[in-house]
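Undergrad: Would you be able to build a 3D model of this:
(2 chains)
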Amino acid sequence: MQTGGDFVVSQGSYQGPLSLLLKLIENNKLTIDQISLERVTGEYLKSIESLTVNEDEINSFLRVAAALILIKSQDLLPGEASQLDEDLPSEEQLAEQLRTYKRFADAAQTLGQKMTQPSYRSAKIIRSAALTVTKIDPQQLHAQLTQINVKLKKQKDLRQKPAVRLRSLPIMDQLKSLLATLAAQKKVVISDWLHVSIEPRTKIANFLALLEAVNSGKATIAQSGKEVRWTQP
Amino acid sequence: MDTTLKNTLALLFVASEPISRKQLAQLNQSDEAAISQAITKLNDHLHGSGLHIVQHNGRYELTTTSEVAEVVATYFGDRPNSLSAAALETLAIIAYKQPIDKESIDEIRGIASDQTLRNLLSRGLIAQKQSKGKPIHYVTTAQFLVQSGLQSIDQLPVMTEENDAK
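TA: This is a model prediction of the structure:
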């Protein structure tokens, strides 16, 4: 939950930046116009701080944030006619986009109510569909199942798309650093190299660099198990 | 009730899938215009009966109406099959603006709609329509009509006017 002002915005109760913006305007009992966009800019920016969405979605939220900041800055600096970024919607364009979105959001609500009372087809359709299966080709079935598996895997991969782009940490950099330290000091204390204060991702890279150094014969692990020693002359 | 009406209603009752206007015309030894009229008369006749004839892309099927949804759902032991708000938004945009491409849908929603489109496709509520050299467009399906209790796409509720949205 994200609080802002006198209202509460619940994550998951909005479906995108326009939904959030609309909710902020409605919660402040405003109409969709240029003035209300300026007034809710601060609350919008605060709301998106704690969003948990994937990278594509956050770009959409940030684009609207940038447009709102531009609108607010133009209000603070009247007379500045030029836009900082022509790709961003103007005040008027954003208001119009919001009005269009609201129409469809209202229509979606009505549609949702209708879908709670669906029609039903005859059960004969379901029964007769089952009865018409007379011949199954195993090869065809296998091909179709393989296709389904591929599609399911693709969907699963897309769902597992990370919310935040991961930084890559080349192991080679850590290995070079380790070898340089070993060459200079002839030994490295393992507990220092893998100290608890080191950031987890770096610690993993350091550990892998240690393993590589030992595997390649450039270093050995001391009998005490506490140090790695340089083996090169 | 005249013969064409009786025949058409009987055929729609026994059919295991939607029947085309063309096939109904052939079976009735009549023409498609007469079938369209027959369908309109039948729907007038069925009004308030708990049944109606749904029309989609020139094909017809006999279904229950939304008025009796609750009792039929109870009979089948069905639970409501709800869509997320994002899916409903996307579905509403497609229903009112079809055929429409993904870029236009994203423009209206202000956010990418890839996942909701996949969801709606897998539920059979929308379909893809592809013309050579043009981007894929999305349309609603007969299943959408059945699930929303509509007789045809023309029966979609009227959207709010732009002035009302302010």
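
Undergrad: Where does the residue most central in space within chain B sit: helix, strand or coil?
TA: When chain B is reduced to its mean C-alpha position, the closest residue under C-alpha atoms, centre = their mean turns out to be B:L145, at 2.5 Å. Here B:L145 is recorded as helix under DSSP: H, G, I helix; E, B strand; the rest coil.

Undergrad: how many neighbours does the nearest residue to it once chain neighbours are set aside have?
TA: Nearest non-adjacent residue to B:L145, counting by C-beta to C-beta, 6 or more residues apart in numbering or on different chains: B:V54, 5.2 Å away. C-beta here means a position set from N, CA and C on the backbone, and glycine is covered the same way. B:V54 has 23 neighbours, counted by other C-beta atoms under 10 Å in any protein chain shown.

Undergrad: Does B:V54 touch B:T65 like I think?
TA: No - assessed by C-beta atoms under 8 Å, B:V54 is found out of contact with B:T65, at 9.8 Å.

Undergrad: So which residues of chain A form helices?
TA: Using DSSP state H, the helices of chain A run over A:17-27, A:34-39, A:41-48, A:55-76, A:91-114, A:123-131, A:138-159, A:171-185, A:190-193, A:200-215.

Undergrad: Deepest-packed of the ones you listed, please.
TA: helix A:17-27 (a mean of 22; mean count of other C-beta atoms under 10 Å in any protein chain shown).

Undergrad: for it, packing partners?
TA: On a contact count with 3 or more C-beta pairs under 8 Å, 6 or more residues apart in numbering or on different chains; DSSP states H and E, helix A:17-27 meets strand A:7-9, helix A:34-39, helix A:41-48, helix A:55-76, helix A:91-114.

Undergrad: again, 6 Å this time
TA: In terms of contacts (3 or more C-beta pairs under 6 Å, 6 or more residues apart in numbering or on different chains; DSSP states H and E), helix A:17-27 is packed against helix A:55-76, helix A:91-114.

Undergrad: Output the set of residues of chain A in proximity to chain B.
TA: Residues of chain A lying near chain B by C-beta under 6 Å from any C-beta of the partner chain: A:15-18, A:31-32, A:56, A:60, A:99, A:102-104, A:106-108, A:110-112, A:114-121, A:125, A:128.

Undergrad: Quick one: mean pLDDT for the top helix by length along chain B?
TA: If you go by DSSP H, chain B has its longest helix at helix B:32-46. Helix B:32-46 shows a mean pLDDT of 94.

Undergrad: In it, which residues are buried?
TA: Using 16 or more other C-beta atoms under 10 Å in any protein chain shown as the test for burial, helix B:32-46 gives B:35-36, B:38-39, B:42-43.

Undergrad: which residue is nearest the middle of chain A?
TA: Short answer for chain A (C-alpha atoms, centre = their mean): A:N54, at 1.7 Å.

Undergrad: hmm, back to that, export the helices and strands packed on helix A:17-27 to JSON lines and append columns for mean pLDDT and distance to B:E70.
TA: Formatted as JSON lines, the helices and strands packed on helix A:17-27 follow (pLDDT from 0 to 100; distance: least, C-beta to C-beta, whole Å):
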{"stretch": "helix A:55-76", "mean pLDDT": "79", "distance to B:E70": "37"}
{"stretch": "helix A:91-114", "mean pLDDT": "90", "distance to B:E70": "14"}
